[in-house]
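J.: return atomic coordinates for the entry below.
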Amino acid sequence: MKLSILLASGLTLAALSTATAQTQLNSQPQPTAPAQPGAPAVATPATPLLSQQPSPYSGSVLSMEVGWGAPYGGLGFSYGHHVSPSLDINAGLGIGVGGKIGVGARYYLRPQSELSPYLGANLVRSGRLDNVEIELNQEKAVYSMAPSGVLHLRGGLRWQPGRLGLLGTLGYGVRFTGNPITYQNGYTPSMELRNLVETISPGGVEISLGLAINLGPR
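T.: Prediction:
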């Protein structure tokens, strides 16, 4: 009987000792794994502002324009030099109703953009024409056209995505040297015929398209 009591007491003490040790172990702070160093931050390059980007309009430009009422005629060529990204000065020649030669300038409103509106002006001299025959509604006349000066005021768009670009222009030419038309033998044509001759003479409305070849570095 005593042996049984002693054995039971020993087992109880052993169980209590084990429980106490486990409780102390659980209450102690566990060592944590060392923190892993984070990945280095990758710097994202900032996108340059539009005003900081190189202008597509630089150096020199060679232009060919076709249309109605353009400064250098129905088919004209001009060479321009950019004194700044916003401004080019040009000189050109062409053929329409008589030869054309002149100088001009274009001012770009958004020189850092591939597509920019522009405003321009040209001073052009048109050559002489002699004894031109014309007929309208069975009415015939012969006229001559003296050399004349025209101021062309223009506005349009230039798109220059690379070496080759496009020009689209609307404008109006103001003749400042008077009426250059005279009719042979003092003939007085009808109003319709006079209007036709006036329409094809220098000055008036311009609608033109052009090709711009950028000769500057790209």
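J.: okay, G38: pLDDT?
T.: Note for G38: predicted pLDDT of 55.
J.: again with E135
T.: Looking at E135, its pLDDT stands at 89.
J.: so who does it touch?
T.: By CB atoms under 8 Å, 6 or more residues apart in numbering, the residues touching E135 are A141. For glycine as for every other residue, the C-beta is placed from the backbone atoms N, C-alpha and C.
J.: mind running it again at 10 Å?
T.: Remark: with contacts taken as CB atoms under 10 Å, 6 or more residues apart in numbering, E135 is in contact with A141, L193, L196.
J.: that one and V197, how far apart?
T.: Computed with CB to CB, to the nearest Å, the distance linking E135 and V197 is 11 Å.
J.: any residues in contact with both of those two?
T.: Shared contacts of E135 and V197, counting by CB under 10 Å, 6+ apart, come down to A141.
J.: so what's the residue count around Q184?
T.: 13 (other CB atoms under 10 Å).
J.: ok so, going back, nearest to W68 among the contacts of E135?
T.: When these are compared for distance to W68 (CB to CB), L196 comes out closest, at 14.2 Å.
J.: and that closest one, that's in a helix?
T.: Yes: according to DSSP: H, G, I helix; E, B strand; the rest coil, the state of L196 is that of a helix.
J.: give the burial count for it, as a bare number.
T.: Neighbour count for L196, taken as other CB under 10 Å: 18.
J.: retrieve the pLDDT associated with it.
T.: Predicted confidence (pLDDT) for L196: 92.
J.: so how far is I181 from it?
T.: From L196 across to I181, the span is 11 Å (CB to CB).
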